[in-house]
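J.: What follows is a predicted structure for the sequence shown.
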There are 2 protein chains.
Amino acid sequence: MLEKSCMEFLDILSSKEPVPGGGGACAYVGALSIALGSMVGNLTLGKKKYQEVEADIKELLIKSEELKLEFEKLVDKDAEAFFPLSQAYGLPKNTEEEKDERNKVLQKALIGASVVPLNIARCCCEAIDLLEEYSKKGTRIAISDVGVGAYFAKAALMGAKLNVLINTNLMKDEILKESIEIELNELVEKYSSKAESIFLSVEKSITG
Amino acid sequence: MLEKSCMEFLDILSSKEPVPGGGGACAYVGALSIALGSMVGNLTLGKKKYQEVEADIKELLIKSEELKLEFEKLVDKDAEAFFPLSQAYGLPKNTEEEKDERNKVLQKALIGASVVPLNIARCCCEAIDLLEEYSKKGTRIAISDVGVGAYFAKAALMGAKLNVLINTNLMKDEILKESIEIELNELVEKYSSKAESIFLSVEKSITG
């Protein structure tokens, strides 16, 4: 999916093609968020003023690259999880038997379609943790980019939340549904305010 | 810039290359936000259930396409505005004369570097207005994508804010600085809460 040009990606996203959808777009915005962290890291490396944090920045850059790759994979995984779901929605539901069969297939597809955006949400939280460290150790000349990255990660997290909920909402397995939603709510609660704090501290350091 | 593949865009953003920076990334996330609106519009068109809003949706789709093109242009404009700024920062400042000259060039470059992200912010607000309409008239089966789009537009708006402030903060022309910052703050105040409301109404309609 991400081998397409940025413009093509926008065009397919705009179209009624089933993928990429909102979930894949969230994974991509998550990747953009951590790419901004890496940019700040790369601008910090080798600078005399930041020699003391050089080793930390190098470690942050490795983690950021791994996370970017993970987000990239999630763009494709989201598309893969959507396919069986759209197939399930297309099944006939005229007789009771058909309804039962459709529901069985649908319930199975809903699991994948919920777990992938949950994984996107988890990765967004990791991005927010890394961006927090960049906000403390990265070069001041590019600090605004850390703030932008933090807000992108928050937006991708909030978007992933909707993509989980739209699927868990139809889940009949109450135990699984609850365990996913509890984790999701905990992540959103903790990390949306953490991202906001990073943003505000960056804004404060810019305006003095 | 957007003719590159999505993966290349991520890689250049991650690098210490001067462009794209946070501003360009915001314009791209703005484009993703309205692309999600268009997706919902395209999924609504031609559906019997939504015949009553067909004309409105068609109009929304035209406005969305125009806005997407505007965001695409702003990715390049942000890069173009950064170039004279980075040149100015690179000028010598050993003598008083050099300092004066550097400051003159810098002050001129700061105008473009502030106005472009201000334009990105304006476009994000337009995206939020369009997404609000999609949230009311678009097909319910893709309503989560409107919520995701609204949060993307909010993130791009907040990111654009930092990119304005980092430049206006160094501006000596107090009148221009104030007029830009007043408009910016009004936009952020009005539209960040509007985006949040769209998101919450979508979340409510999903979870019932």
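T.: It's in. Residues are numbered from 1 along each chain as shown, chains lettered A, B, ... in the order given.

J.: use CA for all of it now, contacts and neighbours both
T.: Will do.

J.: got the contact list for stretch A:41-54?
T.: Stretch A:41-54 has contacts (CA atoms under 8 Å, 6 or more residues apart in numbering or on different chains) with A:57-58, A:60-61, A:134, A:137-139, A:142, B:14-16.

J.: Mind checking the pLDDT average for it?
T.: Mean pLDDT, stretch A:41-54: 98.

J.: how about it: buried residues?
T.: Residues of stretch A:41-54 classed as buried by neighbour count (16 or more other CA atoms under 10 Å in any protein chain shown): A:41-45, A:54.

J.: likewise stretch A:6-21?
T.: Of all the residues in stretch A:6-21, those buried under the rule 16+ other CA under 10 Å are A:6-16, A:19-21.

J.: May I ask which helix or strand encompasses A:L13?
T.: Per DSSP states H and E: A:L13 is located in helix A:6-14.

J.: elements contacting that helix?
T.: Judged by 3 or more CA pairs under 8 Å, 6 or more residues apart in numbering or on different chains; DSSP states H and E, the packing partners of helix A:6-14 are helix B:6-14, helix B:22-44.

J.: Around the residue in chain A positioned nearest to chain B, how many other residues sit close by?
T.: Proximity of chain A to chain B (CA to the nearest CA) peaks at A:S5, 3.7 Å away. Counted with other CA atoms under 10 Å in any protein chain shown, residues neighbouring A:S5 total 19.

J.: Repeat that for A:I62.
T.: As a burial measure, A:I62 scores 12 neighbours (other CA under 10 Å).

J.: and it, what are its phi and psi?
T.: Main-chain dihedrals, A:I62, degrees, to the nearest 10: phi -60, psi -50.

J.: cool, and A:G138?
T.: The phi/psi pair for A:G138 (degrees, to the nearest 10) reads phi -80, psi 160.

J.: could you check the angle helix A:22-44 makes with the longest helix along chain A?
T.: Identified as the longest helix of chain A according to DSSP state H is helix A:96-137. On the basis of axes from the mean of the first three to the mean of the last three CA atoms, to 10 degrees, helix A:96-137 is oriented at 20 degrees to helix A:22-44.

J.: what residue ranges in chain A score low on pLDDT?
T.: Chain A contains no residues with pLDDT under 70.

J.: now do 90
T.: For chain A, the stretches flagged by pLDDT under 90 are A:18, A:208.

J.: is chain B contacted by the helix or strand where A:E181 lies?
T.: Using DSSP H and E, A:E181 sits in helix A:174-207. Yes. Shown here: helix A:174-207 in contact with chain B (CA under 8 Å from any CA of the partner chain) through A:203, A:206-207.

J.: Please verify my assumption that A:L13 contacts B:S33.
T.: No. If you go by CA atoms under 8 Å, A:L13 and B:S33 don't touch, sitting 9.8 Å apart.

J.: For stretch A:9-26, what is the distance to the chain centroid?
T.: Its chain's C-alpha centre and that of stretch A:9-26 lie 15 Å apart, by CA atoms, centre = their mean, to the nearest Å.

J.: Please read the previous query as pertaining to stretch A:137-144.
T.: Using CA atoms, centre = their mean, the offset of stretch A:137-144 from its chain centre is 23 Å.

J.: Buried ones in it, by neighbour count?
T.: For stretch A:137-144, the neighbour count (16+ other CA under 10 Å) marks A:137-140, A:142-144 as buried.

J.: Inside helices: which ones of the residues you listed?
T.: Assigned to helices by DSSP H, the following of these qualify: A:137, A:143-144.

J.: can you narrow those to ones near chain B?
T.: Taking CA under 8 Å from any CA as the test, chain B is in contact with A:S144 out of these.

J.: Please convert the helices and strands packed on helix A:6-14 to TSV, extending it with distance to B:N167.
T.: Shown next, in TSV, are the helices and strands packed on helix A:6-14 (distance: least, CA to CA, whole Å):
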stretch	distance to B:N167
helix B:6-14	20
helix B:22-44	12
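
J.: Now which of the residues of helix A:174-207 next to chain B would you call buried?
T.: The buried subset of the residues of helix A:174-207 next to chain B - by 16+ other CA under 10 Å - is A:203, A:206.

J.: Just list the residues touching the residue of chain A closest to chain B, thanks.
T.: By CA under 8 Å, 6+ apart, the contact list for A:S5 reads B:2-6.

J.: Could you check how many residues crowd around A:G147?
T.: Neighbour count for A:G147, taken as other CA under 10 Å: 32.

J.: now do the one 5 residues further on
T.: Using other CA under 10 Å, A:F152 has 35 other residues around it.

J.: same check, this time on the one 3 residues further on
T.: A:A155 is surrounded by 28 other residues when neighbours are defined as other CA under 10 Å.

J.: go on, the one 3 residues further on?
T.: For A:M158, the neighbour count with other CA under 10 Å is 23.

J.: Surely it is in contact with B:Y151?
T.: Yes. Using CA under 8 Å, A:M158 is in contact with B:Y151, at 7.2 Å.

J.: Lovely, talk soon.
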